[in-house]
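Engineer: after the sequence you'll find the predicted model.
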Amino acid sequence: MNFCTTIWEEIAPLRRAILSHPFLDELAAGTLPPETFRHYIVQDSLYLAEYARVLALAAARAPTAAGRLEFSDGAKVAVQVEEALHQAFFAQFGVTPEMAQQSEATPACLGYTSYLASLAATRSYEELIAGILPCFWVYWEVGCDIRPRAASPNPYSAWIETYAAPSFGEATRRVCDLVDAAAAQATPAIRSAMNTAFRNAARYEWMFWDSAYRRERWPI
């Protein structure tokens with residue numbers, strides 16, 4: 001069994017916790033309070049700006065042309081999503097450019113982006129791309145899970161369609177292939193480190209949804 005299939009099955013309890021989180025249940029039902037989604041989309045914008053940088057670093061470190069192309073394209077798409085989807089939602093939910101610029105990353109957002117940046121700066125390429133993958137894969141699973149049960153009309157339909165789109169699934173599959181190829185050539189120690197990076201990033205995914213639902217702020 002390849003690396004991605006194995007680790008995906010191992011984190012099944014965490015994936016179930018994500019899919020059953022009230023943030024996503026209410027988003028699917030269209031009942032998520034607008035102020036909660038506003039908090040989420042501002043934090044997601046801050047996250048994507050940093051995630052794009054991490055993808056660009058992965059492209060620079062990739063040993064193959066396929067990796068360089070995939071991660072450089074991913075960095076471009078992350079910026080495009082931030083600009084297009086978020087700007088549309090900013091307008092829909094009353095977030096001004098000034099509000100977005102003055103927003104501070106929450107502990108969950110800062111922790112997640114800092115963790116990915118630390119992988120890019122101090123750990124192996126294999127660990128880095130294992131840590132990058134959950135953002136793709138978790139969102140793809142969330143989009144596919146929500147889409148068939150989403151209420152219609154739904155104020156969050158554009159968000160749902162973005163992450164349930166076949167093109168996003170294809171991008172997820174390509175990153176999985178790169179991670180599997182790297183794991184196949186890695187030592188047992190590196191594969192163990194990849195497992196840790198993937199698992200930690202997936203944990204941060206749950207924390208991100210949960211922090212948005214609670215509209216997390218810094219305690220002091």
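Structural biologist: Ah, there it is. Residues are numbered from 1 along each chain as shown.

Engineer: do you know how far the residue nearest the centre of the chain is from P219?
Structural biologist: In the chain, the C-alpha nearest the mean C-alpha coordinate belongs to C135, at 2.6 Å (Cα atoms, centre = their mean). Computed as Cβ to Cβ, to the nearest Å, the C135 to P219 distance reads 26 Å. (Each C-beta comes from the backbone N, C-alpha and C, glycine too.)

Engineer: likewise Q80?
Structural biologist: Separation of Q80 from P219 (Cβ to Cβ) stands at 34 Å.

Engineer: in terms of neighbours, single out the busier of the two.
Structural biologist: A count of neighbours by other Cβ atoms under 10 Å puts Q80 above the other of Q80 and P219, at 12 against 5.

Engineer: give me the contacts around the helix or strand of the chain at the bottom of the mean pLDDT ranking.
Structural biologist: Least confident helix or strand, the chain: helix 97-102 with a mean of 80, by mean pLDDT, DSSP states H and E. Residues from elsewhere that reach helix 97-102 (Cβ atoms under 8 Å, 6 or more residues apart in numbering): V42, S45, F90.

Engineer: and the nearest residue to the last one once chain neighbours are set aside, how many neighbours?
Structural biologist: The shortest distance from F90 to any residue other than its chain neighbours is 6.4 Å, reached at A100 (Cβ to Cβ, 6 or more residues apart in numbering). By the measure other Cβ under 10 Å, the count of residues near A100 is 15.

Engineer: just A121 next, same as before
Structural biologist: If you count neighbours by other Cβ under 10 Å, A121 ends up with 10.
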